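Trainee: test case, fold it:
(one chain, ligands or ions: 2)
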Amino acid sequence: MENIVTQIYDLNKCDAAAAIQSAAAVIKSGGIVAFPTETVYGLGADAFNEAAVRKIFAAKGRPSDNPLIVHIADISMINSLTQGVSETARRIIAEFMPGPFTAVLKKSPSVPDCVTAGLDTVAVRFPANKTAQAFIKAAGTPIAAPSANLSGKPSPTEAKHVIADLAGRVDAIIAAGSSEVGVESTVVDLTGDVPIILRPGGVTLEMLQAVAANAAVDEHVLTSVSPDETPRSPGMKYKHYAPNADVTVIEGAQGAVFRRISALIAENSGVRTGVLRMYPENEYNADVILDAGTNGRDYAHRLFTLLRTFDEFGVEKVFAEFCDIDGYGLAVKNRLYKSAGNKVERV
Ligand code: TXA
Ligand code: MG
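Mentor: Residues are numbered from 1 along each chain as shown. Ligands and ions are numbered 1, 2, ... in the order given. Below is the predicted model:
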């Protein structure tokens, strides 16, 4: 792909309102712009402009059969994108939007096939982040946006990650603070009678079940998809969130995890090792130790940043401590397992 000039709007260093207007003008003229949301940064284009949407796939190196989420700044924008939305779906949407939540709904024919990868459904998200809302409003159109990373890399939770991956490949980047949640939105299929979580995130199964008691989690959230299967969400079949380092998850209680990781570090004496630590009392003889936090919310907030930090330190093998935790735990587990290519040892 040829190198293009990327305009960077750093909201901490310029007139934020004017910068958002300029970035929105880039969208209106068919360009692609990275912008902050409360989950991760997104890379957006006018959802109704096919040529602009194609630029997103090229910039990320994203497979064209992986559909994009369409971002809105007002619940009523759902009407131009969807059809036949059930009463239950509307109730769930009213509960969780705006927020880290994406609804998969039956698509309106006006949504281009390149956005939905030819599916008859469309994923819709209304971010809570104020900059994202102002940007979408100023663009005056729904914005199709995947996470603003190169395909396969950890999603960007800070502007510097977006700049590292996409400078020279996109028209503009709106740089703001770090993403609060740190993992992507919960994607829920609301097209049938049972709401199904296709990707866990900040809206947990428990929260969803409080509104729809029959809500469930798709089987592929924690397992890999075999080549002959067609998952409900195309994104489930791709390698994801992988740093350059090779990641292994060691899951269990503190003492057992400590013994196993210590043994692994000893076995890998010629290798630059790192530990993503959940139990702060565990002291290892590794080259780099980074603390993920002791609860799901912190782990989610830090995970992608820390995976990139291991790369900055040239770590070759990462051992990630993990144990089952409530709330954000499923979202963390899903991302962690994928970053490890499902190399998980339970001890
Ligand atoms: O938090 C987020 O959701 C971020 C921010 C930028 O909003 N976006 C994001 O987009 O994570 P992306 O493209 O990285 O992930 C979208 C996921 C993919 O796994 C994709 O396969 C799935 O949503 N998806 C999109 N449209 C779908 C559809 N119609 N049916 C099923 N899955 C869909
Ligand atoms: Mg992504």
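
Trainee: C-alpha from now on. contacts and neighbour counts both.
Mentor: OK.

Trainee: grab the nearest non-local neighbour of the residue nearest the centre of the chain.
Mentor: For the chain, the residue nearest the mean C-alpha position is E184 (3.1 Å; Cα atoms, centre = their mean). Leaving aside its sequence neighbours, E184 sits nearest to T39 (Cα to Cα, 6 or more residues apart in numbering; 5.0 Å).

Trainee: before we move on, the earlier item: surely the residue nearest to the centre of the chain and Y241 touch.
Mentor: No: contact criterion Cα atoms under 8 Å: E184 and Y241 do not qualify, at 11.2 Å.

Trainee: list the contacts for the residue nearest to the centre of the chain?
Mentor: The neighbours of E184, taking Cα atoms under 8 Å, 6 or more residues apart in numbering as the test, are 39-40, 100, 147, 155, 201-202.

Trainee: repeat the analysis, applying 7 Å as the threshold.
Mentor: The contact partners of E184, by Cα atoms under 7 Å, 6 or more residues apart in numbering, come to 39-40, 201.

Trainee: next: A24.
Mentor: 135, 138-139.

Trainee: which residues of the stretch 201-347 of the chain lie near ligand 1?
Mentor: 232-236 (Cα under 6 Å from any ligand atom).

Trainee: of these, buried ones?
Mentor: 233-236 (16 or more other Cα atoms under 10 Å).

Trainee: adding pLDDT and secondary structure, write those residues out as CSV.
Mentor: Formatted as CSV, these follow (pLDDT from 0 to 100; DSSP: H, G, I helix; E, B strand; the rest coil):
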residue, pLDDT, secondary structure
S233, 89, coil
P234, 87, helix
G235, 83, helix
M236, 86, helix
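
Trainee: of those, just say which sits nearest to A176.
Mentor: G235 (26.9 Å; Cα to Cα).

Trainee: so the closest one sits against S64, correct?
Mentor: No: in terms of Cα atoms under 7 Å, G235 does not count as a neighbour of S64; the distance is 10.9 Å.

Trainee: buried set for the longest helix that the chain contains?
Mentor: Counting by DSSP state H, the longest helix found in the chain is helix 296-312. Of the residues in helix 296-312, 296-308, 310-311 count as buried by neighbour count, 16+ other Cα under 10 Å.

Trainee: could you point out which element follows that helix?
Mentor: The helix or strand immediately downstream of helix 296-312 is strand 317-322, counting by DSSP states H and E.

Trainee: now the strands: where do they sit in the stretch 51-200 of the chain?
Mentor: Ranges of strands within the stretch 51-200 of the chain are 69-71, 101-106, 121-125, 143-145, 172-175, 186-189, 196-199, based on DSSP state E, counting those that start in this stretch.
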